[in-house]
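Student: Following is a predicted model, sequence given first.
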Amino acid sequence: MSVLGFLSVYNAKADSHFRPVAKSSMERRLRDHGASFEERGGWLVAMKLPHEHELGIRDVSHLGKLEVCGDLNGLEGVIPITPARGLLLCDFRETEAVQAKLAKRYDVLDVTGALAGLEIFGPGAETVMHRITAHDLDDLPAAAPVSHVGPCVLTREGPESFRIFFPQEYGHYLWEVAVDAAEPLHGGPAVSR
């Protein structure tokens, strides 16, 4: 899988005339809501909004995302997609080191730039999830469609906290779907932690 290494976001190197900063496919939607941004570990991340919502939709695209293939038994933290394929999340700044460590035993592909991510959290998050996916929320993690996009990787982070990872080109669309589903419950955009 290393032949696609040129796609890795961390391979963009700074020099005297260029300083790479990665942006989420949902950055424009957050700007429309009045978000202010700062660079965090090579990513432009929303840090402040004029209004915070208790039921929030948060962009988590800045996480490092590695697709790992092989015997996943015993690999801690991996989100299973199939018995032999999973998604491992890490701090973006550690992606290259984690990938190198895992490559000794697994086929590993950095999909950080290919996948965007949303976190839906707070009171009513489960209701929002029921509005955007037909998948059984008691059967997570899973690969399942979300609002006709899929399969997406769905995880439950807590009783009222879910994450969705999907092809980055659907970022604008799925952001709007999630925010629209949350608005009747007084939910909306939230900033990164």
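Tutor: Ah, there it is. Numbering: from 1, shown residues only.

Student: so what strands line up beside the longest strand anywhere in the chain?
Tutor: Assignment by DSSP state E gives strand 149-158 as the longest strand of the chain. Applying DSSP bridges to the sheet, strand 149-158 is found paired with strand 142-146 (antiparallel), strand 161-167 (antiparallel).

Student: Following the chain onward from the helix or strand where Tyr173 lies, which element is next?
Tutor: Tyr173 belongs to helix 171-182 when assigned by DSSP states H and E. For helix 171-182, the following helix or strand on the C-terminal side (DSSP H and E) is strand 188-190.

Student: Name every strand pairing with that following strand and say which way it goes.
Tutor: Strand 188-190 sits in its sheet next to strand 56-59 (parallel), going by DSSP bridges.

Student: what pLDDT, on average, does the helix or strand just after the partner strand get?
Tutor: Once the chain leaves strand 56-59, the next helix or strand it forms, by DSSP H and E, is strand 64-69. This predicted structure assigns strand 64-69 an average pLDDT of 94.

Student: likewise stretch 30-49?
Tutor: In this model, stretch 30-49 has an average pLDDT of 89.

Student: So which bits of that stretch are buried?
Tutor: For stretch 30-49, burial by neighbour count (16 or more other CB atoms under 10 Å) applies to Leu30, His33, Ala35, Phe37, Arg40, Gly42, Trp43, Leu44, Val45, Ala46, Leu49. For glycine as for every other residue, the C-beta is placed from the backbone atoms N, C-alpha and C.

Student: That one spans what distance, first to last residue?
Tutor: Using CA to CA, to the nearest Å, the span of stretch 30-49 from its first residue to its last is 8 Å.

Student: which other residues reach it?
Tutor: Applying CB atoms under 8 Å, 6 or more residues apart in numbering, the external contacts of stretch 30-49 come out as 9-10, 20-24, 27, 50, 59, 61-62, 91-93, 188-192.

Student: in stretch 148-163, what's buried?
Tutor: Val149, Gly150, Cys152, Val153, Leu154, Thr155, Arg156, Glu160, Ser161, Phe162, Arg163.

Student: Residue ranges in this structure under the pLDDT threshold?
Tutor: Flagging of the chain using pLDDT under 70 yields the residue ranges 1-14.

Student: Does Val153 touch Val146 like I think?
Tutor: No - Val153 is not in contact with Val146 according to CB atoms under 8 Å; the separation is 9.7 Å.
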